[in-house]
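Visitor: Just the structure for this:
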Amino acid sequence: MSLRKWILIGVLVCGIAGVNFALNPHVAPWSDDVLGDNEVSAAELSQALDEWLMLDARSEGDFIQDHIPGALLLNEDDWEALLPEVFDAWAPGQRVVVYCGSEACQASEQVAVRLREEVGFDDVMVLKGGWDAWLELGD
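Guide: Here you go, the predicted structure:
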């Protein structure tokens, strides 16, 4: 195939993609603005600090250094020892938000799954972006 044909195909593909982008009202699923089914944004969480039980899934050292006001530590390393304090703080029907260090961290997802499956908590969310997202609110 000649170079001219490759260029024409490239221009056509880019044109079609551009038209699709302009006409498609949906945001890409990987966009920072899109929340998953069990995710909450830092902005939404900051408006409801008194209503939700916040659980920090990071290490004890990170938690001691700093955490979201009112959050309790609950990570998988010390699950059995930390869970009783969570039960004491939780009220039936109360929403639970779990966070870890960043978007790439999976500890919050793992703790949230355990809370749903092993403990039976129904309304467990994960803070999108984790601790990093919370810190960005202060900027």
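
Visitor: Could you pull up phi and psi at Gln94?
Guide: Main-chain torsions, Gln94, degrees, to the nearest 10: phi -80, psi 140.

Visitor: my read: it touches Met54, true?
Guide: No. Look at Gln94 against Met54 with Cβ atoms under 8 Å: they stay out of range, at 10.8 Å. To be clear about C-beta, it is placed using only N, CA and C from the backbone, and glycine gets the same treatment.

Visitor: More neighbours: which of these two?
Guide: A count of neighbours by other Cβ atoms under 10 Å puts Met54 above the other of Gln94 and Met54, at 23 against 12.

Visitor: quick one: pLDDT of that one?
Guide: pLDDT, Met54: 96.

Visitor: right, and it touches Leu72 too?
Guide: Yes. Judged on Cβ under 8 Å, Met54 makes contact with Leu72 at a distance of 7.2 Å.

Visitor: can you give me the strands in this protein?
Guide: Using DSSP state E, the strands of the chain run over residues 39-40, 53-56, 72-73, 96-99, 124-127.

Visitor: who does the second one pair up with?
Guide: Strand 53-56 has these partner strands in its sheet, going by DSSP bridges: strand 72-73 (parallel), strand 96-99 (parallel).

Visitor: quick one: low-confidence parts of this protein?
Guide: For the chain, applying pLDDT under 70 flags the ranges 10, 13-33, 139.

Visitor: go again using 90 as the cut-off
Guide: 1-38, 48-50, 93, 102-105, 122, 137-139 (pLDDT under 90).

Visitor: which ones are touching Asn105?
Guide: Quick fix: residue 105 is Cys, not Asn. 57-58, 130 (Cβ atoms under 8 Å, 6 or more residues apart in numbering).

Visitor: how about the strands of the chain in JSON lines, adding distance to Glu85?
Guide: Below are these laid out as JSON lines (distance: least, Cβ to Cβ, whole Å):
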{"stretch": "strand 39-40", "distance to Glu85": "22"}
{"stretch": "strand 53-56", "distance to Glu85": "10"}
{"stretch": "strand 72-73", "distance to Glu85": "6"}
{"stretch": "strand 96-99", "distance to Glu85": "13"}
{"stretch": "strand 124-127", "distance to Glu85": "16"}
